[in-house]
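S.K.: Need the 3D shape of this:
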Amino acid sequence: MEYSQRKRLRLTSYDYSQPGYYFITICTRERSREVLCSIEPAVGAIINRPPRIFLTPVGRIVDGTIRAIPDHYPGISVDQYVVMPDHVHLILSFRHVGPDGRQIAAPTPLPNVIQQMKRIASKQAGGPLWQKGFYDHVIRNDEDLTNVRQYIRDNPLKWVQDKD
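M.R.: Residues are numbered from 1 along each chain as shown. Got it, this is the predicted structure:
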């Protein structure tokens, strides 16, 4: 029996511990369910007004786990994120400073940070929560960062509009 090989999600020659911004998407194990939150249109249905996000108990665990990343990994901060019903988008900033004051590679590469965050959230939630792997995009410049931040801000509204 032949097994298909999983597609590699990481850039093979890229150092995921170097300073920079990384856009991450992590999907829940059961994409069809509202495991992490529910999203409701804004009261009065004003066009382009942000909808309201109501985190589930599991969503609150994930939210807390994301917020705690900088506590566990000095030099890594959460620039922006959103918890969606069946996935999470976040931007992590790697800005580790060496003894001479210059930016250096973080001691922990991105895949390890995400794996640990997923493990902690799953343990606190009481069982498997995530799909294997995660999607990442190395943010290459200020315009790319601005676009990704806007995408994250717009994602809940897009979710509501796609349901209609």
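
S.K.: Low-confidence ranges, the chain, go.
M.R.: Filtered on pLDDT under 70, the chain yields the residue ranges 1-12, 32, 42-49, 163-164.

S.K.: In it, mark out all the helices, start to finish.
M.R.: Ranges of helices in the chain, per DSSP state H, are 57-67, 69-72, 110-125, 142-163.

S.K.: right, so of these, which gets closest to residue 131?
M.R.: Residue 131 lies closest to helix 110-125 among the helices of the chain, at 9.4 Å (CB to CB). (Each C-beta comes from the backbone N, C-alpha and C, glycine too.)

S.K.: Taking helix 57-67 as reference, get the angle to that closest one.
M.R.: 140 degrees (axes from the mean of the first three to the mean of the last three CA atoms, to 10 degrees).

S.K.: What residues sit buried inside helix 110-125?
M.R.: Going by neighbour count (16 or more other CB atoms under 10 Å), the buried part of helix 110-125 is 110, 113, 114, 117, 118, 120, 121, 122, 125.

S.K.: Can you give the contact residues for that helix?
M.R.: Helix 110-125 has contacts (CB atoms under 8 Å, 6 or more residues apart in numbering) with 10, 16-17, 22, 24, 26, 58, 61-62, 65-66, 68-69, 72-73, 76, 92, 94, 128-130, 134, 136.

S.K.: so residue 63 touches residue 78, yeah?
M.R.: No - Residue 63 is beyond contact range of residue 78, at 10.6 Å (criterion: CB atoms under 8 Å).

S.K.: When those two are compared, which one has more neighbours?
M.R.: Each of residue 63 and residue 78 had its neighbours counted (other CB atoms under 10 Å), and the higher figure belongs to residue 63 (19 against 14).

S.K.: now that one: how far from residue 25?
M.R.: Note on residue 63: its distance to residue 25, by CB to CB, to the nearest Å, is 16 Å.

S.K.: Repeat that for residue 153.
M.R.: 15 Å.

S.K.: same deal with residue 65?
M.R.: 16 Å.

S.K.: quick one, which of these two is more surrounded?
M.R.: Taking other CB under 10 Å, residue 65 and residue 25 do not tie; residue 65 has more neighbours (21 against 15).

S.K.: show me the residues around that one that make contact.
M.R.: Neighbouring residues of residue 65 by CB under 8 Å, 6+ apart: 117, 120, 121, 124.

S.K.: And the furthest pair within those residues?
M.R.: 117 and 124, at 11.0 Å, using CB to CB across the contacts of residue 65.
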